[in-house]
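Asks: Model the structure of this input:
(4 chains)
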There are 2 protein chains.
Amino acid sequence: MLGSSDLHPEKSILTQLRGFLAQAHLPEDGRLPPERELSAALGVSRAELRKALDVLESEGQLWRHVGKGTFMGSRPLDTFADIEALARRSNPAEVMRTRIAIEPEIARAAAFSATPSAISEMRLCLTRSRQAENWRQYEGWDTRLHRTIAEATQNSLLLGLFDTLNAVRRAVTWGRLRSAPLKPLTDHHSFAEHDAIVDAIEHRDMAGAAAAMRTHLQTVERKLLDRQ
Amino acid sequence: MLGSSDLHPEKSILTQLRGFLAQAHLPEDGRLPPERELSAALGVSRAELRKALDVLESEGQLWRHVGKGTFMGSRPLDTFADIEALARRSNPAEVMRTRIAIEPEIARAAAFSATPSAISEMRLCLTRSRQAENWRQYEGWDTRLHRTIAEATQNSLLLGLFDTLNAVRRAVTWGRLRSAPLKPLTDHHSFAEHDAIVDAIEHRDMAGAAAAMRTHLQTVERKLLDRQ
DNA sequence: AAGTCCAACCAAAACAAGATTGGTTCAGGA
DNA sequence: TCCTGAACCAATCTTGTTTTGGTTGGACTT
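Replies: Model (predicted):
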């Protein structure tokens, strides 16, 4: 077991690698030579080199990706969110769960920050949605109500995340439920639920606003499930 | 000037093209044949075809792009959420409020969906963050812990929104607090708070996970305020 | 002269084939 | 038992070619 040339082979390779990384100056992006080159340069097998690299990666000192290479520093995040890519990986159920997770908190924040003019715009959306003559109109005012609530938080970042979520929702439903026929404008229990949300916001009832929004979205989710 | 074979050549080509588009069934994406093919098929010169296409494009019935082709319908809007634009409109306080709104709900979902391997990765993050020798290492493991929790929801959309939020956070703090000196690695009450979050997730305590995450983030917020 | 056609060219985008690269497996040998 | 080397895999990059809308200029017709 300890008959080899040194007692701590992996440790010596680790130090050797650390020395190399400290000495050799890497390119701008912090990329270091491919494993095959590096193992040859250090005179060790690729497997042993990988063990040492595993340690450094677990320490968070470098990150690796197949086809790209090995880089010093911490793994970079995407600098832009690709709506289409998100929609491709997601599905209607996931969108609904995400709405249920996030929109109640938006309503809570809105109950804290909403201005009177924002609340009156919500009331307008409620009235218009009641007057809607077909599903499309109703959906339009429903969407606008939810966005008005998000605007009322006066939190541009929260609003941005809401818009992203909404864009994904549209992309997902377009892709999967495009065959949905023009729904008749029948039962809209949602009227009372919408009222409850806006009422809670107007009364600065944060917990109530969140609860009302959650109840509403769970109703929507149940309708979705029933239709399938 | 009107000596040619017909008085309104461009108009006849337009109607001919309209007829073709109504009759021929296009592929899924609404793409129509390249101009060179289409002009040959309709027996008109490419220049004349392009004039007709210009009309249809000005009417908003189709859109074109070099290298891509000509498509029926309206030009698709950008599907990228611009992180930089969000960061420009936001600020550290807003980022913090948004984290407090969203991350507790992520923790709640994680308590429901987390796999044992995900939980063990959270434990690893806890251990490493305790062993951290400087602020940068600690921050790295802290970030990774929060992302591991988001991954544990097994909700790709929620994860995507979390990543967006995180990207904006980094952009905002880099832009505004770049002058922050290397903070010493002193008081980390956060250890116990992190433990409480992971414990709740492991015990499938959804409400507890959300509450622990909210408590933790409010602590972070208080530190931010104290420093200013 | 004015309009039309045709061919060529341009840059952006798509497409295709090959090479790299981290990750994994397995037979062979020390 | 452990390590090695080689092979294989899938994701990614690289490179070169093709396709596509947009543009220009000369030849031909009227």
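Asks: so where do the strands sit in chain A?
Replies: Here chain A has its strands, by DSSP state E, at A:31-32, A:62-65, A:69-72, A:80-82.
Asks: Okay, now the sheet partners of the shortest one, with direction.
Replies: With DSSP bridges as the test, strand A:31-32 is paired with strand A:69-72 (antiparallel).
Asks: So what touches the strand it pairs with?
Replies: A:21, A:26, A:29-32, A:34-35, A:53, A:61-64 (Cβ atoms under 8 Å, 6 or more residues apart in numbering or on different chains). Backbone N, C-alpha and C define where each C-beta goes, glycine included.
Asks: Narrow those to just the buried residues.
Replies: For the contacts of strand A:69-72, a burial check counting by 16 or more other Cβ atoms under 10 Å in any protein chain shown picks out A:32, A:35, A:53, A:61, A:62, A:63, A:64.
Asks: Please save the CA atoms from stretch A:35-52 in PDB.
Replies: As requested, C-alpha coordinates have been extracted for stretch A:35-52 and formatted as PDB (Å, rounded to 0.1, in the frame of the first residue of the first chain):
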ATOM      1  CA  GLU A  35      -5.800  18.200 -19.300                       C
ATOM      2  CA  ARG A  36      -3.900  16.100 -21.800                       C
ATOM      3  CA  GLU A  37      -1.300  18.800 -22.300                       C
ATOM      4  CA  LEU A  38      -1.100  19.700 -18.700                       C
ATOM      5  CA  SER A  39      -0.600  16.100 -17.600                       C
ATOM      6  CA  ALA A  40       2.200  15.700 -20.100                       C
ATOM      7  CA  ALA A  41       3.800  18.900 -19.100                       C
ATOM      8  CA  LEU A  42       3.800  18.000 -15.400                       C
ATOM      9  CA  GLY A  43       4.900  14.500 -16.100                       C
ATOM     10  CA  VAL A  44       1.900  12.900 -14.400                       C
ATOM     11  CA  SER A  45      -0.900  10.700 -15.600                       C
ATOM     12  CA  ARG A  46      -4.200  12.400 -16.600                       C
ATOM     13  CA  ALA A  47      -6.100  10.500 -13.900                       C
ATOM     14  CA  GLU A  48      -3.800  11.900 -11.200                       C
ATOM     15  CA  LEU A  49      -4.000  15.400 -12.600                       C
ATOM     16  CA  ARG A  50      -7.800  15.100 -12.600                       C
ATOM     17  CA  LYS A  51      -7.700  14.100  -8.900                       C
ATOM     18  CA  ALA A  52      -5.800  17.300  -8.100                       C
END
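Asks: and it, does that touch DNA strand D?
Replies: Yes: judged by Cβ under 7 Å from any atom of the strand, stretch A:35-52 comes into contact with DNA strand D through A:44, A:45, A:46, A:47, A:48.
Asks: And these, which is closest to residue B:39?
Replies: residue A:46 (57.6 Å; Cβ to Cβ).
Asks: Out of the buried ones among the contacts of strand A:69-72, which two are the most distant from each other?
Replies: So, the buried ones among the contacts of strand A:69-72 by Cβ to Cβ: farthest apart are A:35 and A:61, at 16.0 Å.
Asks: about what we covered before: from the buried ones among the contacts of strand A:69-72, which one has the minimum pLDDT?
Replies: Ranked by pLDDT, the buried ones among the contacts of strand A:69-72 bottom out at residue A:61 (89).
Asks: contacting residues for that residue?
Replies: Neighbour list for residue A:61: A:72, A:73 [criterion: Cβ under 8 Å, 6+ apart].
Asks: any idea how far it is from DNA strand D?
Replies: According to Cβ to the nearest atom of the strand, to the nearest Å, residue A:61 stands 21 Å off from DNA strand D.
Asks: likewise residue A:160?
Replies: Residue A:160 sits 26 Å away from DNA strand D, taking Cβ to the nearest atom of the strand as the criterion.
Asks: again, but for residue A:107
Replies: From residue A:107 to DNA strand D the distance is 37 Å (Cβ to the nearest atom of the strand).
Asks: State the number of residues packed around that residue.
Replies: 29 (other Cβ atoms under 10 Å in any protein chain shown).
Asks: Verify the contact between it and residue A:217 for me.
Replies: No: counting by Cβ atoms under 8 Å, residue A:217 is not a contact partner of residue A:107; they are 9.9 Å apart.
Asks: on that earlier part again, of the residues of stretch A:35-52 next to DNA strand D, buried ones?
Replies: Buried members of these, counted by 16+ other Cβ under 10 Å: A:44, A:48.
Asks: DNA strand D: which of the residues of stretch A:35-52 next to DNA strand D is nearest?
Replies: DNA strand D lies nearest to residue A:45 out of the residues of stretch A:35-52 next to DNA strand D, by Cβ to the nearest atom of the strand, at 3.4 Å.
Asks: Give me the phi and psi for that closest one.
Replies: Listed backbone geometry of residue A:45 is phi -70, psi 160, with angles given as degrees, to the nearest 10.
Asks: which one is it nearest to, not counting chain neighbours?
Replies: Here the nearest residue to residue A:45 in space, its sequence neighbours aside, is residue A:39; by Cβ to Cβ, 6 or more residues apart in numbering or on different chains that works out to 6.2 Å.
Asks: Now tabulate the contacts of strand A:69-72 in JSON lines and tack on distance to residue B:132.
Replies: Output for the contacts of strand A:69-72, formatted as JSON lines (distance: Cβ to Cβ, whole Å):
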{"residue": "A:21", "distance to residue B:132": "20"}
{"residue": "A:26", "distance to residue B:132": "24"}
{"residue": "A:29", "distance to residue B:132": "25"}
{"residue": "A:30", "distance to residue B:132": "21"}
{"residue": "A:31", "distance to residue B:132": "25"}
{"residue": "A:32", "distance to residue B:132": "23"}
{"residue": "A:34", "distance to residue B:132": "30"}
{"residue": "A:35", "distance to residue B:132": "27"}
{"residue": "A:53", "distance to residue B:132": "20"}
{"residue": "A:61", "distance to residue B:132": "12"}
{"residue": "A:62", "distance to residue B:132": "16"}
{"residue": "A:63", "distance to residue B:132": "17"}
{"residue": "A:64", "distance to residue B:132": "21"}
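Asks: quick revisit: pick out whichever of the buried ones among the contacts of strand A:69-72 sits closest to residue B:164.
Replies: residue A:63 (20.1 Å).
Asks: quick one: that closest one and residue A:54 touch, right?
Replies: No: counting by Cβ under 8 Å, residue A:63 sits too far from residue A:54 to count as a contact (11.9 Å).
Asks: Which pLDDT value goes with residue A:83?
Replies: 76.
Asks: tell me, how many neighbours does it end up with?
Replies: Neighbours around residue A:83, by other Cβ under 10 Å: 22.
Asks: worst-scoring helix or strand of chain A, pLDDT-wise?
Replies: Taking mean pLDDT, DSSP states H and E as the measure, chain A has strand A:80-82 as its least confident helix or strand, at a mean of 67.
Asks: Poorly predicted segments of chain A, please.
Replies: A:1-11, A:77-81, A:84, A:174-189, A:227-228 (pLDDT under 70).
Asks: Alongside chain B, which residues does it contribute?
Replies: Taking Cβ under 8 Å from any Cβ of the partner chain as the contact definition, chain A meets chain B at A:58-60, A:74, A:77-84, A:86, A:89-90, A:94-95, A:97-98, A:101-102, A:104-106, A:108-109, A:155-158, A:160-161, A:163-165, A:167-168, A:171.
Asks: Kind regards, and thank you for your time.
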